[in-house]
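*Asks:* next come a sequence and a model predicted from it.
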Amino acid sequence: MTEPLGSMRRFAGKAVAITGAASGIGAAAAARFAAEGARLALCDLNADRLNESSAALGLAEADLFVRAVDVSDGAAVEAFVADAAAALGGLDVLVNNAGIGCFGHVDEITPEQWRRTLAVDLDAVFFGSRAALPYLRESQGCIVNTASISGAFGDPGLVAYNVAKAGVINLTRNMAVDHADDGIRVNCICPGGAATTMIKAHTRDEPIMAEYERLVPMGRLGTPEEMAAGIAFLASADASYITGHALTIDGGVTAQTGQPNFDRIYRERGWDKKMLARKPEPEGR
Ligand SMILES: NC(=O)c1ccc[n+]([C@@H]2O[C@H](COP(=O)([O-])OP(=O)(O)OC[C@H]3O[C@@H](n4cnc5c(N)ncnc54)[C@H](O)[C@@H]3O)[C@@H](O)[C@H]2O)c1
């Protein structure tokens with residue numbers, strides 16, 4: 001079980017910047033950091049939703065910096081990080097979380113879709129990290145990126161997303177190595193399916209969601225709060241000797257080989273499992 005929100009105060013007085021903070025995992029991370037005492041700088045493309053979700057955090061005005069930003073715009077990300085650090089008096093943690101999906105094979109998506117996915121999901125991590133380094137050197141802080149299990153393996157029809165998230169995982173590893181000497185830790189989480197607007201947009205109706213859940217050994221999607229708990233752990237002093245790590249949070253999805261689930265097939269049909277071990281009868285007998 002994760003600790004209940006706010007039962008720890010690991011980020012008391014720390015300045016934490018989060019991209020894509022208006023909904024889903026980013027909003028849950030904002031709530032988690034706020035509950036643990038952090039002061040926050042939040043950005044998102046969706047200004048209305050960001051204003052609404054950040055107001056609900058109940059932070060004092062001086063402890064909250066909010067700005068509408070398109071993270072694919074390097075100059076805008078740079079300005080967000082610099083202004084956030086100025087407003088909060090430095091920066092201890094950067095969470096590069098904003099992201100989008102993109103369906104289609106290599107010969108189905110347009111070059112524009114490919115570029116947009118890589119720009120939002122990967123370029124933005126480069127922009128944010130670059131901008132944050134001077135402040136993190138100063139604070140001996142850390143970066144946590146939201147990658148995905150889709151960055152470690154292939155998904156049917158998700159080529160641009162697979163490539164972008166694979167880039168995020170290896171950017172994480174590279175920066176962990178390059179900036180260990182600077183006293184900066186860099187890690188990422190690799191969520192499996194989390195019940196956010198992103199996944200709901202792709203699954204839409206219940207039969208698809210049920211099919212999705214059948215593929216998860218734990219039998220359900222994760223919650224944004226469970227993903228945020230991983231982000232907070234990696235950002236905290238509890239993870240002081242962890243860097244370059246990709247933390248899988250997926251209910252067991254990637255622990256599987258991908259072979260048919262004979263165990264479940266036999267159970268659902270009421271067949272005797274001992275038949276699994278028995279050699280088939282030779283034909284014609
Ligand atoms: N939900 C899942 O199953 C899942 C699984 C693995 C990884 N992820 C990753 O988690 C991260 C958060 O996604 P989520 O599931 O919370 O989805 P979400 O759609 O609820 O949240 C994503 C947020 O990013 C914002 N955003 C999108 N494009 C942006 C841009 N160009 N500039 C600034 N903000 C932008 C959106 O407005 C939204 O608030 C993403 O990086 C996503 O790839 C999600």
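*Replies:* Received the coordinates, thanks. Numbers count the residues shown, from 1 in each chain.
*Asks:* what residues does the stretch 101-250 of the chain put near the ligand?
*Replies:* 120, 146, 148, 191, 193-194, 196-199 (Cβ under 6 Å from any ligand atom). All C-beta atoms are positioned from the backbone trio N, CA, C, and that covers glycine.
*Asks:* hang on, isn't R185 packed against C142?
*Replies:* Yes: the pair R185 / C142 is scored as a contact, 4.1 Å apart, by Cβ atoms under 8 Å.
*Asks:* who touches both of these two?
*Replies:* Common contact partners of R185 and C142 (Cβ atoms under 8 Å, 6 or more residues apart in numbering): 234, 243.
*Asks:* just the strands in the stretch 51-200 of the chain please.
*Replies:* 64-68, 93-96, 142-146, 185-191 (DSSP state E, counting those that start in this stretch).
*Asks:* out of the ones you listed, which is the most enclosed?
*Replies:* strand 93-96 (a mean of 30; mean count of other Cβ atoms under 10 Å).
*Asks:* show me what contacts Y135?
*Replies:* Contacts of Y135 by Cβ under 8 Å, 6+ apart are 81, 85, 90-91, 141.
*Asks:* give me the number of residues near the nearest residue to R173 once chain neighbours are set aside?
*Replies:* Leaving aside its sequence neighbours, R173 sits nearest to G244 (Cβ to Cβ, 6 or more residues apart in numbering; 4.7 Å). G244 has 17 neighbours, counted by other Cβ atoms under 10 Å.
*Asks:* just the closest residue of the stretch 51-200 of the chain to the ligand, please.
*Replies:* Per Cβ to the nearest ligand atom, G99 is where the stretch 51-200 of the chain lies closest to the ligand, at 2.2 Å.
*Asks:* measure K165 to L122 for me?
*Replies:* According to Cβ to Cβ, to the nearest Å, K165 and L122 sit 8 Å apart.
*Asks:* low-confidence ranges in the stretch 151-285 of the chain?
*Replies:* 201-206, 276-285 (pLDDT under 70).
*Asks:* and the helices in it?
*Replies:* 159-178, 197-203, 206-214, 224-235, 262-269 (DSSP state H, counting those that start in this stretch).
*Asks:* of those helices, flag the one that's most buried.
*Replies:* Mean neighbour counts for those (mean count of other Cβ under 10 Å) peak at helix 224-235, with a mean of 24.
*Asks:* send me that helix as PDB with only the CA atoms.
*Replies:* What follows is helix 224-235, C-alpha atoms only, in PDB (Å, rounded to 0.1, in the frame of the first residue of the first chain):
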ATOM      1  CA  PRO A 224      -2.900   8.500 -11.600                       C
ATOM      2  CA  GLU A 225      -2.100   8.600  -7.800                       C
ATOM      3  CA  GLU A 226      -0.200   5.300  -8.000                       C
ATOM      4  CA  MET A 227       1.900   6.800 -10.800                       C
ATOM      5  CA  ALA A 228       2.400  10.000  -8.800                       C
ATOM      6  CA  ALA A 229       3.600   8.000  -5.900                       C
ATOM      7  CA  GLY A 230       6.400   6.600  -8.000                       C
ATOM      8  CA  ILE A 231       7.400  10.100  -9.200                       C
ATOM      9  CA  ALA A 232       7.400  11.400  -5.600                       C
ATOM     10  CA  PHE A 233       9.500   8.400  -4.500                       C
ATOM     11  CA  LEU A 234      12.100   9.000  -7.200                       C
ATOM     12  CA  ALA A 235      12.200  12.700  -6.400                       C
END
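*Asks:* starting at the chain centroid, how far to that helix?
*Replies:* 9 Å (Cα atoms, centre = their mean, to the nearest Å).
*Asks:* for it, which outside residues touch it?
*Replies:* 2-3, 5, 10-11, 16, 24-25, 27-29, 31-33, 36, 93, 95, 97, 142, 144, 146, 185, 187-189, 191, 194-196, 239, 242, 245, 247, 249.
*Asks:* let's go with 6 Å and repeat that
*Replies:* 2, 24-25, 28-29, 32, 93, 95, 142, 144, 187, 189, 191, 194, 196, 239, 247, 249 (Cβ atoms under 6 Å, 6 or more residues apart in numbering).
*Asks:* with stretch 43-61 instead?
*Replies:* With Cβ under 6 Å, 6+ apart, stretch 43-61 has contacts from 19-23, 27, 34, 42, 66-70, 80.
*Asks:* can I get that stretch in PDB, CA atoms only?
*Replies:* Provided in PDB are the C-alpha atoms of stretch 43-61 (Å, rounded to 0.1, in the frame of the first residue of the first chain):
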ATOM      1  CA  CYS A  43       2.400  24.300 -16.700                       C
ATOM      2  CA  ASP A  44       0.100  22.800 -19.300                       C
ATOM      3  CA  LEU A  45      -1.300  23.500 -22.800                       C
ATOM      4  CA  ASN A  46      -4.800  23.600 -21.400                       C
ATOM      5  CA  ALA A  47      -4.900  26.900 -19.400                       C
ATOM      6  CA  ASP A  48      -8.500  26.600 -18.100                       C
ATOM      7  CA  ARG A  49      -8.000  23.100 -16.800                       C
ATOM      8  CA  LEU A  50      -4.700  24.100 -15.300                       C
ATOM      9  CA  ASN A  51      -6.200  27.100 -13.500                       C
ATOM     10  CA  GLU A  52      -9.000  24.900 -12.100                       C
ATOM     11  CA  SER A  53      -6.800  22.000 -10.900                       C
ATOM     12  CA  SER A  54      -4.100  24.200  -9.400                       C
ATOM     13  CA  ALA A  55      -6.600  26.300  -7.500                       C
ATOM     14  CA  ALA A  56      -7.900  23.100  -6.000                       C
ATOM     15  CA  LEU A  57      -4.500  22.400  -4.400                       C
ATOM     16  CA  GLY A  58      -5.100  25.100  -1.800                       C
ATOM     17  CA  LEU A  59      -1.600  26.500  -1.900                       C
ATOM     18  CA  ALA A  60      -0.700  30.000  -0.800                       C
ATOM     19  CA  GLU A  61      -0.200  32.400  -3.700                       C
END
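*Asks:* alright, that wraps it up for me.
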